[in-house]
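**Q** whatever this is, show me its structure:
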Amino acid sequence: MKFSNGFSRRALVLPVVSIFIGGCSGEKEAIWALNYATVSNSNDLIEGVHVWTFFDEDWDLTDNSYVCAVVQHAEGTSSASPDGCPGATHSFNWTLTTISSDCPDYLEGNPFLTDGITGGCIGDIHPSIIDESPYDTQTEGWYILDENDEVIPHGFIYPEALDLDETVTDEPWENGELLKLSPAWAWAL
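**A** Next comes the predicted model:
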């Protein structure tokens, strides 16, 4: 599957999405990226923070492989569930606006970072990652919507309070609780 700006999907340990972005000489080259978010839904308005974090070729999720990050404000609305979102319980459209970055211009300015993911839906956890679910009964699948409104499995969504060992309500999406959108897929550059 090809996205605009050269993005495409391929497999690594977990499925990976591939992009081509050239680096500048002398800089630590970004080879991998993760995107994740923390959002809340209140009165059908979605708001939160979305982050792209880039890593070098020795990616091991430590500070040693960190290259840079782009922090974005996520704002949008709940929407009708798109076709192709398995077991959809909720969906949303959002606009991503960069608010902070320590990335070089060629990376921070890539249009895919703001326009490539137009929203998402929440539904059944994709079968290929079901065993990785962080919280069995309180985790749902996170699917992204690309610029063509294609539904693509991407990871998990669950109440952030679970990471803090706090109690959550029965319907966190409806109650404005902070929800964590955690990737199970990485982007290869």
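
**Q** shaky segments in the chain?
**A** For the chain, applying pLDDT under 70 flags the ranges 1-27, 61-62, 172, 174-175.

**Q** mind listing what Asp149 touches?
**A** Shown in contact with Asp149 (Cβ atoms under 8 Å, 6 or more residues apart in numbering): Pro82, Thr118. C-beta here means a position set from N, CA and C on the backbone, and glycine is covered the same way.

**Q** should've said Glu108
**A** Residues in contact with Glu108, defined by Cβ under 8 Å, 6+ apart, are Val70, Thr98, Ser101.

**Q** all helices for the protein, in order.
**A** Here the chain has its helices, by DSSP state H, at 105-108, 112-115.

**Q** make TSV out of those and add distance to Ala88.
**A** Listed next are the helices of the chain as TSV, based on distance: least, Cβ to Cβ, whole Å:
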stretch	distance to Ala88
helix 105-108	32
helix 112-115	23
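
**Q** returning to what we had before: compare the contacts of Glu108 and tell me which is most surrounded.
**A** Within those, most neighbours by other Cβ atoms under 10 Å means Val70, with 24 neighbours.

**Q** spit out the contact partners of that residue.
**A** Val70 makes contacts with Val51, Trp52, Thr98, Ser100, Ser101, Cys103, Leu107, Glu108, Leu113, as judged by Cβ under 8 Å, 6+ apart.

**Q** apply 7 Å and report the result again.
**A** Val70 is in contact with Trp52, Thr98, Ser101, Cys103, Glu108, Leu113, counting by Cβ atoms under 7 Å, 6 or more residues apart in numbering.
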